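**Q** Sequence plus predicted model, see below.
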Amino acid sequence: MMVEMNMIQSLNSALDNMLESDDNVLIFGEDVGYFGGVFRVTDGLQEKYGKKRVFDSPLSEGGIAAIAFGMGLNGLRPVMEIQFADYIFPAYDQIVNEMAKLRHRSGGEFSTPVTIRTPAGGGIKGGHHHSQSPESQFTHTPGIKVLYCSNPYNAKGLLISAIECNDPVVFFEPKRCYRGPFYGDPHNVPTWKGHQYSDVPEEHYTVPIGQANLVMEGDECTVIAWGAMVHVAEQGIRDSGISCDLIDLQSLVPWDREAVVNSVKKTGRCVIVHEAPKTSGFGAEMSASIQERCFYHLENPIERVTGWDTPFPHSTEWDYLPSPDRISEAIKRTQED
């Protein structure tokens, strides 16, 4: 049965489905139990499944990750929440040096199926410590899968895929889009009501890890984005008046090279959009990979529209985030002779 949901509701539905179907799934983190999470994603789950399966943790991200690692090693499927992606770094050692290495270290004998949920990105006036997009810190680590949802439908399907995966998965959620898509205008705040991706099955389903989604189809430029920037890029394409493929990457590691390469070979032009700073952002890896595979098909240099190489600001947030205007101008530059 299809139900209209916002992203908070769809994520909650995914967790509900997995808690119900698999006794080894449990959820813990800061404020996820009694309070239901600071964004209400886990609302009602402790009441339904009890304090042994949905519970609060101390304010210790390193401890949360270490406990989740041990749980996964011993046959459970923990879903740990880092309350904001900015605070994932105290857990970095456990994720990168322990979880990511276990399957390889043990010659495939052991694995640790841990899902690390964390809200990321700007757009809520969170300043330096509640706005960052640290996905490239994890895409550089073999042994970890990295997902970044953008709408209610792929949020639920990707989260279920993450929980069922036998490897650790870092699952980024664009908090600016929890209650509605963000098209780059802070004064225009739509909800998910009536959106093409707001109809979500109540029952179990998956969105495959490693598969991109073609949001818009065109033939003059390929625009690639993930998270909240998918919707900002959509507005930028419309403003440009240029026919574009818009690819929602969804899965950063592994990423859908076939979909991206086929699109770029068709259009001959490419724009990559992400919130994170430009230097060493995941867009740089994509740009290099596209160049390697599509060199003779490219009509113009690949463009990147990103956050700036500065700490995320508070008072100038809207100047930092990629805007429809910046994206539109980048698309137009790819059309120059």
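**A** Structure's in. What do you need? Residues are numbered from 1 along each chain as shown.
**Q** just the strands in the stretch 201-337 of the chain please.
**A** Assigned by DSSP state E, counting those that start in this stretch, the strands in the stretch 201-337 of the chain fall at 213-216, 221-225, 244-248, 251-253, 270-277, 303-307.
**Q** Of those strands, which is nearest residue 284?
**A** strand 303-307 (7.4 Å; CB to CB). Where C-beta positions appear, they are placed from N, C-alpha and C, glycine not excepted.
**Q** Tell me how far the closest one lies from the chain's centre.
**A** Distance of strand 303-307 from its chain centroid, counting by CA atoms, centre = their mean, to the nearest Å, is 17 Å.
**Q** Just the pLDDT at the residue nearest the centre of the chain, thanks.
**A** Against the mean C-alpha coordinate of the chain, by CA atoms, centre = their mean, the closest residue is residue 148 at 1.3 Å. Here the pLDDT value assigned to residue 148 is 98.
**Q** shouldn't it be in contact with residue 255?
**A** No. Using CB atoms under 8 Å, residue 148 is not in contact with residue 255, being 10.4 Å away.
**Q** Name the residues contacting each of the two.
**A** residue 249 (CB atoms under 8 Å, 6 or more residues apart in numbering).
**Q** Helices of the stretch 1-150 of the chain, residue ranges please.
**A** For the stretch 1-150 of the chain, applying DSSP state H, counting those that start in this stretch gives helices covering 7-21, 45-49, 61-73, 92-93, 102-105, 136-139.
**Q** pLDDT score for the closest residue to residue 232 other than its chain neighbours?
**A** Of all residues not flanking residue 232 in the chain, residue 184 sits nearest, at 4.3 Å (CB to CB, 6 or more residues apart in numbering). On pLDDT, residue 184 comes in at 94.
**Q** swap in residue 337?
**A** Each residue has a pLDDT score; the one for residue 337 is 82.
**Q** count of residues packed around it?
**A** By other CB atoms under 10 Å, the residues close to residue 337 number 4.
**Q** can you tell me which residues contact it?
**A** By CB under 8 Å, 6+ apart, residue 337 lies in contact with nothing.
**Q** One more pass at 10 Å, please.
**A** With contact set as CB atoms under 10 Å, 6 or more residues apart in numbering, residue 337 has these partners: 299, 300.
**Q** what's the spacing between it and residue 268?
**A** 13 Å (CB to CB, to the nearest Å).
**Q** now residue 219
**A** For residue 219, the distance to residue 268 equals 9 Å [CB to CB].
**Q** More neighbours: the two, which one.
**A** residue 268 (17 against 13).
**Q** Tell me both backbone torsions, phi and psi, for the nearest residue to residue 279 once chain neighbours are set aside.
**A** Excluding its sequence neighbours, the residue lying closest to residue 279 (CB to CB, 6+ apart) is residue 309, at 5.2 Å. Residue 309 adopts backbone torsions of phi -80, psi 60, taken as degrees, to the nearest 10.
**Q** these two touch, right, residue 309 and residue 281?
**A** Yes. The criterion here is CB atoms under 10 Å, and residue 309 meets it with residue 281 at 9.5 Å.
**Q** Those two - which one has more neighbours?
**A** residue 281 (22 against 10).
**Q** Can you get me a residue count around the nearest residue to residue 54 once chain neighbours are set aside?
**A** Of all residues not flanking residue 54 in the chain, residue 46 sits nearest, at 4.0 Å (CB to CB, 6+ apart). Neighbour count of residue 46, defined by other CB under 10 Å: 20.
**Q** Help me confirm that residue 196 comes into contact with residue 216.
**A** No. Contact between residue 196 and residue 216 fails when scored by CB under 10 Å: they sit 11.2 Å apart.
**Q** Those two: who's more crowded?
**A** Taking neighbours as other CB under 10 Å, residue 196 and residue 216 compare with residue 216 leading, 16 against 9.
**Q** Surely that one and residue 238 touch.
**A** Yes. Residue 216 is in contact with residue 238 according to CB under 10 Å; the separation is 8.9 Å.
**Q** Need the overlap of contacts for residue 337 and residue 268.
**A** Joint contacts of residue 337 and residue 268 (CB under 10 Å, 6+ apart) are 299, 300.
**Q** ok, now which ones touch residue 69?
**A** 78, 80, 91, 94, 95, 98, 99, 102, 112, 114, 168.
**Q** which residues in the stretch 1-150 of the chain form strands?
**A** With strands called from DSSP E, counting those that start in this stretch, the stretch 1-150 of the chain shows them at 2-4, 25-29, 54-56, 77-81, 115-120, 145-148.
**Q** Quick one: closest of the ones you listed to residue 128.
**A** Residue 128 lies closest to strand 115-120 among these, at 14.0 Å (CB to CB).
**Q** for that closest one, packing partners?
**A** Counting contacts by 3 or more CB pairs under 10 Å, 6 or more residues apart in numbering; DSSP states H and E, strand 115-120 packs against helix 7-21, strand 25-29, helix 61-73, strand 77-81, strand 145-148, helix 152-164, strand 169-174.
**Q** Only alpha carbons, please: show that strand as CSV.
**A** The C-alpha atoms that make up strand 115-120 are tabulated as CSV, following Å, rounded to 0.1, in the frame of the first residue of the first chain:
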residue,chain,number,x,y,z
THR,A,115,24.4,1.1,9.7
ILE,A,116,25.5,4.6,10.7
ARG,A,117,22.6,7.0,10.3
THR,A,118,23.5,10.7,10.4
PRO,A,119,21.8,14.0,9.3
ALA,A,120,24.1,16.1,7.2
